[in-house]
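Participant: coords please:
(2 chains)
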Amino acid sequence: MVVDRRKAAVFGTAFALRLILVYFFPSLPDLLTGRVEVSTPVNSFKRLQEGLHLYMRNVSPYDGGVFHQAPLLLPLFSLLPDVRYHPISTAIFFAIVDLVNAHALAKISESGQSVQSRLHSAMRKNIRWDGTTVAAWFLFNPFTIATCLARSTSVFTASGILLAVSSAVGGNSLNAMLALGLASYLALYPALLFVPLVLLSYDQRAEKTPQPPSISHFVARHVGIFVGSIAGLLGLSVLVTSNFWEFISATYGFHLLVPDLTPNVGLWWYFFIEMFDSFREFFLGVFWLHLASYVGGLTTRLRRQPLFVITSLLGVFAIFKPYPSISDASLFFATLPLYRHLFPFMRYTFFAVSALLYSSLLGPAFYHLWIYAGSGNANFFYAITLVWSLGLSILLADSIFAAIRDEWEQDHPERRGEEVKQV
Amino acid sequence: MRVSSYLSLPLALASALWTYATSASPDYSEHLLLQPLPQSSLLASFNFRGNTSQQSYDNQHFQYFPRALGQILQHASTKELHLRFTTGRWDAENWGSRPWNGNKEGGTGVELWAWIEAADDEEAFAKWITLTQSLSGLFCASLNFIDSTRTTRPVVSFEPTGDHPHLETLHLLHGTLPGEVVCTENLTPFLKLLPCKGKAGISTLFDGHKLFDAAWQSMSVDMRPVCPADGDCVVQIEQTVDMVLDIERSKRSRSNPIPRAVPNDQLACDPSKSYNSDDTCYPLEKASGRAWSLQEVFGRTLNGVCPLAVSDGESEQPICLRVPDERQVSYSEGVVEHRKADGYTRCYALSPSQPFDLSVPEQDIQQEVPLEEPVLHAERTIVGHGQERGGMRMILANPSKTAHVDFIIFESLPWYLRPYTHTLQATITDANGRSREIPASDLVTRTFYRPAIDRERGTQLELSLSVPAASTVTLTYDFEKAILRYTEYPPDANRGFNVAPAVIRILGAPNAAPIYIRSTSLLLPLPTPDFSMPYNVIILTSTVIALAFGTVFNILVRRVVSVDEARALGARTLKGRILSKVIAIRDRLQKKQTKVE
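Facilitator: Presented below is the predicted three-dimensional model:
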């Protein structure tokens, strides 16, 4: 086996960087764990520790308002040594998870699916980054590093999604469904990725076998696998918690009904703080429908590029899911470099990047003004979350435009490079 | 204070009353204990007790039991009830241990706990709600705000004090309202429950202006069944009022309540100070020899005795005063003074129809009434800054040099305060001031924990603890402050939210009455949203969402064409045609204008 020295260097440096940060700044992980931008009620490591503490003492962690994460995380973390006395082992564990995610990303990139798939072939195939560079973009993204140091459990969801995609592009649709089942089990919202992922798997299958199976048959079988994997995980969870409905309502009910309005970088919390009581349920429905509506639109329009649909859906989730954090944004930023060939088509990159930088610098400052200094009020931080969402949605819309433009060029090779317009 | 060794009177009196209570007969009695405390304070402890036989109580034949309360309790199947209204803080450093060993006081605000007979928890809670709603009307207090989030079911902190035949069907429910302001409107219904209704007897001394001006006051109503070994069961109602009045403050006339500077010639200065001169004075704190009388302190005299109070046993002398024997005390005519053997207590037998006043002149005396030192000092505070998270800190000091003290801490926290029990830490400081951190499990022998659920129930935490002799234990844990929906904040949102006091039950000998200590209530500031702009937030958020949705779907549904094609297409569209028409009309008009010119 040939060891790719460049890749080894990138992975080694990223791993060392995380450990160095933990070792030289021992208070940094706890500081980041407490940041609302990094830790939300559904991925906070402190809440996981509290759940673990109750679980170890035979108190149901779901019979309370603190712990809302998947039950199988409890036995997993009870195997790790106590983080209060051995913080370094937990840090190593999370750093390894990050490396696994980066490896999956590199595999996706190396498969070339982003530029060349069954129904699509990009015009500018030569403009692309290799797997190691894409992995480096992910590993050295400050948002990823912050998520890793804060030991946010979102990294497991990200692993599930990335492993599902990397299995799908590798042609292993069974593993893809199992991994997506894991991600959906952990955080519910990845289930929305099912449709593009099945299409991606189907395209892979159709490309490789001379006589592809009928699409309805293929989808039906994979629905079965997906549902089966979730049912299996839920079954295991019942063994851990012993009370099925209690943990269902404390985890998925908590995602769906959004009772905890702790500030985060998303749009839901302040909206539902200020919402009139009689309209709360209505707008919960509207917000969820809105989030789900992108799946249909993107999948239909970009049928030829299911991998790009997944990328843009990750961007949608980073903006519109109920408890978003910067870990969701880091996942979107990790998949964007797969589309290096689309960058020349993007029109508002400067504006989007400026808005994102502006909000990531001012966000913590305004939060401090509101919560600690008392010289600002909630609107300060709320305004920054609006800017952050706006920046992300400009980036998202711009990349979708670039993808459609790329498809147009493929259909009209003679007009390559011309100015286009949408009518 | 080197007094913990011998038993002083309040304890003796309390235990005497305790034994007296268990051998109760159907009657009514009332008592008042007056005791000057250091720093010009006066403790007045009123006690009223009525018994009605269980049989007549069941037949709704209420004798000394107030009918209004009795019917409520029967309707809500309440077998034992304890209701407390408390304001202020008992200064244990100066005043020693608490009256009635803390058994007759509650946490700041209103505290209610009751044993309710019910088949299951759900039925018990439904009856509990009935009880709180009815008591709310009876006592003019916001007891109806004790909902599921303020109700707890303590496991080990409270034991029934009455004799119950079917203990297994009884459910203990406990609720607190730490923010309730106790005032005159609660006193009036309280007095109405008394047989003499404040018209005769010691209850005539109650004046809302004085009572609620006290440094500390606690009103209690206790109902319990008592079954003596040799007699029929009785239902007992006991009402107490304890207050610590500032003598100087109470003596000020109501028409001129502003404190004035003491004239120069009446100042008692400390001549040992180096700067003591004609115009510089270090005022000396007056010893216990301060002058006062009932009339001055309570604003009125005692109006005879309540004729219903039976005249046997202790009720013969309903008023007792604890001052050293050498203290001069003058009292109204027709009153008989009895001195007790302990050298500190004298009691007065009143004449039925004459007003009674008691006056203690100013006198320099060296001797003081010994105060009993509390067995445990407890302090509870919120630490940390910012509105996002904080910590709870409890300092528990055992003053005894020899004995360790075992106790149970009971905390009921509102749901918007989310404690992290895994952060519970203990620090122990010994007599030499050396402190070290130890695992909390070394001190905490048992834990009962019921975590909060948002908007459904509060946190309930009971810790069994033991503090070694002459040491101080500091317990800390972290918590997070939730942000609420804007309709859930009270009008004064930035004042903060009240957190109920911790109840500490000190475990002594198995059969002895327990000692209770309550910490002060806490104020918890929560992060607040901007209350003025729900519309703006809805509009702004919706705009951002619409912008993203609109842009993305705009890109998705529209066709991509090159710019040349777009121009060609544009000519044929409706817009293009209208535009060309507009241009044509404009050109024609311009032509006309030129013609006119």
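
Participant: per-residue pLDDT, the closest residue to chain A within chain B?
Facilitator: Chain B approaches chain A most closely through B:P451 (2.7 Å), counting by C-beta to the nearest C-beta. The C-beta positions use only the backbone N, C-alpha and C, and glycine is treated the same way. We have a pLDDT of 93 for B:P451.

Participant: ok, now how distant is it from A:S39?
Facilitator: Per C-beta to C-beta, to the nearest Å, B:P451 is found 19 Å from A:S39.

Participant: ok, the two, which is more surrounded?
Facilitator: More crowded of B:P451 and A:S39, by other C-beta atoms under 10 Å in any protein chain shown: A:S39, with 28 against 25.

Participant: hmm, that one is touching A:L149, no?
Facilitator: No - A:S39 lies out of contact with A:L149 (C-beta atoms under 8 Å); the separation is 11.2 Å.

Participant: what do the two both touch?
Facilitator: Common neighbours of A:S39 and A:L149, counting by C-beta atoms under 8 Å, 6 or more residues apart in numbering or on different chains, are A:L32.

Participant: so what does the one helix or strand B:T240 maps to touch, helix or strand wise?
Facilitator: Following DSSP states H and E, one finds B:T240 within strand B:234-246. Packing partners of strand B:234-246 (3 or more C-beta pairs under 8 Å, 6 or more residues apart in numbering or on different chains; DSSP states H and E): strand B:41-53, helix B:54-58, helix B:208-211, strand B:216-226.

Participant: for A:D4, find the nearest of those.
Facilitator: Comparison of those against A:D4 by C-beta to C-beta identifies strand B:216-226 as nearest, at 76.5 Å.

Participant: chain center to that closest one, what's the gap?
Facilitator: Remark: strand B:216-226 is offset 14 Å from the chain centroid, using C-alpha atoms, centre = their mean, to the nearest Å.

Participant: that one pairs with which strands?
Facilitator: Partner strands and pairing direction for strand B:216-226 (DSSP bridges) are strand B:78-88 (antiparallel), strand B:234-246 (antiparallel).

Participant: next, format those strands as TSV and append distance to A:F380.
Facilitator: Putting those into TSV (distance: least, C-beta to C-beta, whole Å) gives the following:
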stretch	distance to A:F380
strand B:78-88	39
strand B:234-246	46
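
Participant: and those as a markdown table, adding mean neighbour count and mean pLDDT?
Facilitator: Formatted as a markdown table, those follow (neighbours: other C-beta atoms under 10 Å in any protein chain shown; pLDDT from 0 to 100):
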| stretch | mean neighbour count | mean pLDDT |
| --- | --- | --- |
| strand B:78-88 | 23 | 94 |
| strand B:234-246 | 23 | 93 |
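
Participant: so for the residue of chain A found nearest chain B, what's the nearest residue that isn't a sequence neighbour?
Facilitator: Of all residues in chain A, A:G64 sits closest to chain B, at 2.7 Å by C-beta to the nearest C-beta. Distances taken as C-beta to C-beta, 6 or more residues apart in numbering or on different chains place B:P451 nearest to A:G64, at 2.7 Å, with adjacent residues excluded.

Participant: and if you look at B:R558?
Facilitator: Closest to B:R558 by C-beta to C-beta, 6+ apart is A:Q422, at 4.0 Å.

Participant: A:G363 now?
Facilitator: Closest residue to A:G363 apart from its sequence neighbours, by C-beta to C-beta, 6+ apart: A:I384 at 4.5 Å.

Participant: show the model's pLDDT score for the one you found.
Facilitator: Note on A:I384: pLDDT of 95.

Participant: what's the answer for B:F549, then?
Facilitator: In this model, B:F549 is scored at 96, pLDDT.

Participant: check B:L569 too.
Facilitator: 69.

Participant: pLDDT weak spots in the chain?
Facilitator: Reading this off chain A. Along chain A, the model assigns pLDDT under 70 to residues A:1-3.

Participant: oops, wrong one, chain B.
Facilitator: B:1-26, B:286-289, B:310-316, B:569-573, B:576, B:591-597.

Participant: ok, A:Y270 touching B:V537?
Facilitator: Yes - assessed by C-beta under 8 Å, A:Y270 is found in contact with B:V537 at 5.7 Å.

Participant: list residues touching both of the two?
Facilitator: Joint contacts of A:Y270 and B:V537 (C-beta under 8 Å, 6+ apart) are A:Y382.

Participant: neighbour count for these two, which is higher?
Facilitator: Per other C-beta under 10 Å, whichever of A:Y270 and B:V537 has more neighbours is A:Y270, with 28 against 22.

Participant: ramachandran angles for the more buried one?
Facilitator: Main-chain torsions, A:Y270, degrees, to the nearest 10: phi -70, psi -30.

Participant: now the residue of chain B closest to chain A: how far from A:S44?
Facilitator: Relative to A:S44, B:P451 is positioned 15 Å away (C-beta to C-beta).

Participant: how much space separates B:R586 from A:L17?
Facilitator: In terms of C-beta to C-beta, B:R586 sits 67 Å off from A:L17.

Participant: please name the nearest non-neighbouring residue to residue 93.
Facilitator: Picked chain A for this. That would be A:L80: by C-beta to C-beta, 6+ apart, it lies 6.3 Å from A:F93.

Participant: please refer instead to chain B.
Facilitator: Closest residue to B:E93 apart from its sequence neighbours, by C-beta to C-beta, 6+ apart: B:H377 at 7.9 Å.

Participant: likewise A:L74?
Facilitator: Per C-beta to C-beta, 6+ apart, closest to A:L74 is A:Y55, 4.6 Å.

Participant: ok, how many other residues are close to that neighbour?
Facilitator: 22.

Participant: show me what contacts it?
Facilitator: Each residue near A:Y55 by C-beta under 8 Å, 6+ apart is listed here: A:P61, A:L74, A:S78.

Participant: next, give phi and psi for the second one.
Facilitator: Main-chain dihedrals, A:L74, degrees, to the nearest 10: phi -70, psi -50.

Participant: my read: it touches A:V240, true?
Facilitator: Yes - taking contacts as C-beta under 8 Å, A:L74 lies within contact range of A:V240: 6.2 Å.

Participant: relative to B:Y486, how far out is B:N536?
Facilitator: In terms of C-beta to C-beta, B:N536 sits 12 Å off from B:Y486.

Participant: more neighbours, those two?
Facilitator: Using other C-beta under 10 Å, the more surrounded residue of B:N536 and B:Y486 is B:Y486, with 24 against 13.

Participant: so which bits of the stretch 251-400 of chain B are right by chain A?
Facilitator: Contact residues (C-beta under 8 Å from any C-beta of the partner chain) of the stretch 251-400 of chain B with chain A: B:H385, B:G386, B:Q387, B:E388, B:R389.

Participant: quick one: which of those residues is most hemmed in?
Facilitator: Neighbour-wise, these (other C-beta under 10 Å) top out at B:E388, 21 neighbours.
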